[in-house]
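Novice: Need coordinates for the below:
(one chain, ligands or ions: 2)
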Amino acid sequence: MEAPGAAQADEPGLSRNKERRSVGTHWREHMETLLSLQKHLPPFAFDLIRLTNGLILLLVLFVPFEHLFALRRSQKVLRKGFGTDLGYYFLSSMLPNRVLAVPLAALALGLQRMGSESLQLWVGDFPVWLRFAAAMVVAEIGFYWGHRWMHQSDLLWRFHSIHHSATEMDWLVNTRAHPVDLVFTRLCGYIPMYALGLAHSVGGGVDWIPLVVALTGSIWGYFIHSNTRVRLGWLEHAIATPMFHHWHHNHEEAMDAADDGAAHRHGNYAPTMPWVDRLFGTLHSGAGQWPKAYGIDEPTESGLAGQLLQPFLPDRKSAVVRDPE
Ligand SMILES: [Zn+2]
Ligand SMILES: [Zn+2]
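Specialist: Residues are numbered from 1 along each chain as shown. Ligands and ions are numbered 1, 2, ... in the order given. Got it, this is the predicted structure:
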C-alpha cells in the first residue's frame, strides 16, 4: 500500500523536476544557440541580436513600471522622438564595445602604469567589497565632474544639449546622448578608477568591478529618467530618484541652488548619489515638487543623423528645426 502512495506523493515532485529539467535544458539550448551565433555571425550582427534581447527586457520592465507608477499619465509610450532614442540605444551600446574597446583598454593600461605603484599595491590589498565600494564612489565623483563640465563649457554643451532637448521624460531618454558626450563623461569616471588601481585592465581575466560600475550606472540611468513618481524616503539622501534627475532636466532656467558657475546651470549632476551634489553645492531638491516643463530653449535637430552632426556645424538657428517634442 505504501509504495503506490509514495509514488503518488512523488509524482508532483517528479513533474516539478521534469519542468525544472526542461527549463534548464531550454536555457542551456538558448545559451548554446547564442554562443554558436557569436562564433558564426559577424560581430555587428551578433551585437544587434544581443541588444534587441536587452531592449525587449527593458520594454518588459519599464513599460508596465511606468504604467503602474506614472508621473504624467497622459504621456504616450510611443512619444515623439521615441524612434530617434531607439537609434541612440543601439548606437550608444555598440560604440563603446566595437570602436572604443581597444583604445580604452590601452588608456587604462597606460594609466595603471603611470599611477603610483605603492598606492596601487595598497589598494590591491583591500578586501574586494571595499575596492568595489571605493570604485563606485570614485567613478561617481568622476562622472559628476564630467557631467558638470559638460554644462560649464560652451563647446562641451554643444554635445550635451542633445540629451537635454527631451521635452518629455521617460526611461528611454536615458539613451539620448551624443557619442562625444558619452565617451567624455565615461572617461571622467573611469580614469580615476584605473589610475588609483581600483580596477585592473589586465591579468587574472576580466575585472568585474568596472563592469558592475558600468551596469549599475546604466540600469539606474533608465530608472531616474523614467516617467514615474517613485520616491525612496530617507534613502533619497544617498540614492538618486526620478525626482532628483527630472530637476536636472528642468526647462533651462538658472536654478537658485545651482550657482556653480556653469553657463547652462541645472544642478543635480550626479548619476546615482545625490550627496555628491550636496558636497559640491549643486543639489536642488525641488522642495518635493516636480518640474513643470523639461527641455532647453536652443533649437535642436529632430532626427538622429541631424543631432549627431549638429555640434560640428556652425549655429544656423534659422535653418534648424526646433525639436517638436
Ligand atoms: Zn546634463
Ligand atoms: Zn538625463
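Novice: Phi and psi next, for D297.
Specialist: With angles defined as degrees, to the nearest 10, D297 shows backbone torsions of phi -80, psi -30.
Novice: do D125 as well
Specialist: phi -90, psi -10.
Novice: Counting neighbours, what do you get for it?
Specialist: 8 (other Cβ atoms under 10 Å). For the C-beta atoms, the positions are set from N, CA and C on the backbone; glycine is no exception.
Novice: Just the pLDDT for it.
Specialist: We have a pLDDT of 80 for D125.
Novice: try the one 3 residues further on
Specialist: The score at V128 is 85. That number is its pLDDT.
Novice: What is the neighbour count of it?
Specialist: 9.
Novice: Distance-wise, check it relative to G189.
Specialist: 20 Å (Cβ to Cβ, to the nearest Å).
Novice: Could you do H246 as well?
Specialist: H246 is 22 Å from G189, by Cβ to Cβ.
Novice: what's the answer for L196, then?
Specialist: Distance from L196 to G189, by Cβ to Cβ: 12 Å.
Novice: So those two - more neighbours on which side?
Specialist: Comparing L196 with G189 by other Cβ under 10 Å, the one with more neighbours is G189, at 24 against 20.
Novice: In this structure that one contacts F143, no?
Specialist: Yes: shown here, G189 and F143 form a contact pair, counting by Cβ atoms under 8 Å, at 4.1 Å.
Novice: overlap in contacts of these two?
Specialist: G217 (Cβ atoms under 8 Å, 6 or more residues apart in numbering).
Novice: Can you list the low-confidence ranges for the stretch 1-150 of the chain?
Specialist: For the stretch 1-150 of the chain, applying pLDDT under 70 flags the ranges 1-24, 26-27, 30-43, 96-103, 105, 112, 115.
Novice: can you give me the helices in it?
Specialist: Using DSSP state H, counting those that start in this stretch, the helices of the stretch 1-150 of the chain run over 2-40, 43-68, 82-98, 101-114, 117-124, 128-152.
Novice: Please enumerate residues in contact with the third one?
Specialist: Okay, so that is helix 82-98. Contacts for helix 82-98 (Cβ under 8 Å, 6+ apart): 43-44, 47-48, 51, 54-55, 104, 172-173, 175-177, 179, 182-183, 186, 302-304, 307.
Novice: Could I have the CA atoms of it written out in PDB?
Specialist: Extracted C-alpha coordinates of helix 82-98, given in PDB (Å, rounded to 0.1, in the frame of the first residue of the first chain):
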ATOM      1  CA  PHE A  82      10.900  57.500 -29.400                       C
ATOM      2  CA  GLY A  83      12.300  56.200 -32.700                       C
ATOM      3  CA  THR A  84      15.300  58.500 -32.500                       C
ATOM      4  CA  ASP A  85      16.000  57.400 -29.000                       C
ATOM      5  CA  LEU A  86      15.900  53.800 -30.000                       C
ATOM      6  CA  GLY A  87      18.500  54.700 -32.600                       C
ATOM      7  CA  TYR A  88      20.700  56.100 -29.700                       C
ATOM      8  CA  TYR A  89      20.100  52.900 -27.700                       C
ATOM      9  CA  PHE A  90      21.800  50.800 -30.400                       C
ATOM     10  CA  LEU A  91      24.400  53.300 -31.300                       C
ATOM     11  CA  SER A  92      25.500  54.000 -27.700                       C
ATOM     12  CA  SER A  93      25.600  50.300 -26.800                       C
ATOM     13  CA  MET A  94      27.700  49.300 -29.800                       C
ATOM     14  CA  LEU A  95      30.100  52.200 -29.900                       C
ATOM     15  CA  PRO A  96      32.000  51.500 -26.700                       C
ATOM     16  CA  ASN A  97      32.200  47.800 -27.400                       C
ATOM     17  CA  ARG A  98      33.300  47.800 -31.000                       C
END
